[in-house]
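Peer 1: give me the fold of what follows.
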Amino acid sequence: MARSKLAAATLAMLFSTAGGLHAEPFDLIESLLSSEPRPHDSRSAPRDREDVATTGAIERDPLDAPVEAAPDRRVPAAPRVRPAAPKPAAAADHDYPVDLLISLANDAVFTKDPFPKGQRSDPRMIKLQVMLDRNNASPGVIDGIPGGNVVKAVRAFEEMRGHEVDGVIDAALWAELEGGYAEPALVSYTLTPEDVAGPFVPEMPHDYAEQAQLGGLSYRDAAEMLAERFHMDEAFLRRLNPDVTFAEAGVDVVVANVGKPLKARVAHIIADKELKQLRGYDVAGKLIVAYPATIGSSDTPSPTGTHAVKAIAINPDYWYRPKVNFVQGANTKALRLPPGPNGPVGATWVGLDKPTYGLHGTPEPSKIDKTNSHGCVRLTNWDARELAGLVVPGVPVDFREAPGVVPYEETTEPVAPMAEADPVAPRPKKPAVSPRQLGAPEGPLRAPVEAAPQALEPLPPAREVPYARQSMR
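Peer 2: Okay, the predicted model is just below:
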């Protein structure tokens, strides 16, 4: 209790002295869904990438065996003695001191106080994002900053629990999100020799011909790898650990205490183009998981109607085929890019029965729902990996248009980039549903159609390991 009072008093003092701060009520954050996205604060090293993620064919190689998880090394975060390292530029005057930010986030309770505008990480928002992540309503990257992806996650959680879907947080919903989960939102994690060993690619070339010459499209460094492992924005991870180089084993770092992977079977997927969200339903038609997503663009639309999952690949090679999809720079010949989380489709590919289209990861998780894709559905690498463990070939994927939008009519079918098995018969189109259902199918769903034998085997069931310890290489 004394700790909470001290934290509250310090918070009040900071707000009273931070002149020029503006705030907005959380129940108004809903308006962010229809507003222009705010620029994302990236204090990490800049990367030479286009805003549009390219998508091509995926080679049908056997699935890599999942890497065995190491023992969980997480303990509640506390002030740490860190090795000396070059300090980053001074934080803005209105930023919380790091240790206070950690303490306030772990002790956060619901209040009606407004969340701050701009790129300032708020302690309550940190805890809210972690709680949403634990409840299978992904907020995207955890960074403590309010935004549209958080609102969508709140709405999804409300639908999962049968509440009115309005995106408004109150004390009762906050308590339901906590759900008796006593572990703190931020914890301490000890870097292992494996974490800092790599291999890493500090300077990832933009040109596909240069990428094709690399041994793998790996992370730039251990900080980028850990940020994805713990579902965090890399700049936020560095903000919590300002004196850490992420190059030395045995050092304690503060990370988000995210949830374990969902153990369920998704029987039906809706890619909602209006919400910019991928939503997974069980066989009874209940929403059980939701991810923020980038779904096509006006120039290169995503598919329309109903398709089906056809193949799943973890850490796949990427086939660049300029005669099938697009031309990058001066590259006019087909290229085979090596696998890795910084490849064009990230670390996971869930292919559809429509050639060259799929649900996949991304090398830029902070840009999900902030940029466009070349027709596919793009997720964070960790959300895509979880989804791959929830589906099997034959699961239907409905691409749902925004109200009033005329679906794009294709006049030609792209050339098949590989030998294709017989396509899975699509489900009949369902009638339109009430907007309050936010894309939920009407009535119970039948079990997914079993697909014909594939070159790839379905993923094994999710294992009993903390999600944070799953390898993303």
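Peer 1: going along the chain, name the strands of the stretch 251-400 of the chain.
Peer 2: Remark: strands assigned in the stretch 251-400 of the chain by DSSP state E, counting those that start in this stretch are 252-256, 268-272, 277-281, 287-292, 294-295, 305-314, 318-320, 335-337, 348-352, 358-360, 377-378, 396-400.
Peer 1: so which of these is the most packed in?
Peer 2: The highest mean neighbour count among the strands of the stretch 251-400 of the chain, using mean count of other C-beta atoms under 10 Å, belongs to strand 377-378: a mean of 30. For the C-beta atoms, the positions are set from N, CA and C on the backbone; glycine is no exception.
Peer 1: circling back to that earlier point, okay if I get the strands of the stretch 251-400 of the chain as TSV plus distance to residue 181 and mean pLDDT?
Peer 2: Listed next are the strands of the stretch 251-400 of the chain as TSV, based on distance: least, C-beta to C-beta, whole Å; pLDDT from 0 to 100:
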stretch	distance to residue 181	mean pLDDT
strand 252-256	13	98
strand 268-272	27	97
strand 277-281	22	97
strand 287-292	18	98
strand 294-295	30	91
strand 305-314	29	96
strand 318-320	38	88
strand 335-337	40	92
strand 348-352	27	96
strand 358-360	29	95
strand 377-378	30	94
strand 396-400	31	96
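Peer 1: out of those strands, which is closest to residue 164?
Peer 2: strand 287-292 (14.6 Å; C-beta to C-beta).
Peer 1: so who does residue 223 touch?
Peer 2: By C-beta atoms under 8 Å, 6 or more residues apart in numbering, the residues touching residue 223 are 44, 234, 237-238, 246.
Peer 1: check whether it sits in a helix, strand or coil.
Peer 2: Assigned by DSSP: H, G, I helix; E, B strand; the rest coil, the conformation of residue 223 is helix.
Peer 1: still on that earlier bit, between the contacts of residue 223, which is nearest residue 344?
Peer 2: Residue 344 has its nearest neighbour among the contacts of residue 223 in residue 234, at 19.1 Å by C-beta to C-beta.
Peer 1: quick one, phi psi at the nearest residue to that closest one once chain neighbours are set aside?
Peer 2: Spatially, and ignoring its direct neighbours in sequence, residue 234 is nearest to residue 227 (4.1 Å; C-beta to C-beta, 6 or more residues apart in numbering). Backbone torsions for residue 227, taken as degrees, to the nearest 10, come to phi -60, psi -40.
Peer 1: then residue 169?
Peer 2: Torsion angles, degrees, to the nearest 10, at residue 169: phi -90, psi 130.
Peer 1: residue 125 versus that one, what's the distance?
Peer 2: Applying C-beta to C-beta, to the nearest Å, the value for residue 169 to residue 125 is 10 Å.
Peer 1: first-to-last residue distance for stretch 215-232?
Peer 2: 26 Å (C-alpha to C-alpha, to the nearest Å).
Peer 1: for it, buried residues please.
Peer 2: Neighbour counts over stretch 215-232 (16 or more other C-beta atoms under 10 Å) mark 216-232 as buried.
Peer 1: thinking residue 199 is in contact with residue 214, fair?
Peer 2: No: look at residue 199 against residue 214 with C-beta atoms under 8 Å: they stay out of range, at 9.8 Å.
Peer 1: and the two? Which one has more around it.
Peer 2: For residue 199 and residue 214, the more surrounded residue by other C-beta atoms under 10 Å is residue 214, and the numbers stand at 17 against 11.
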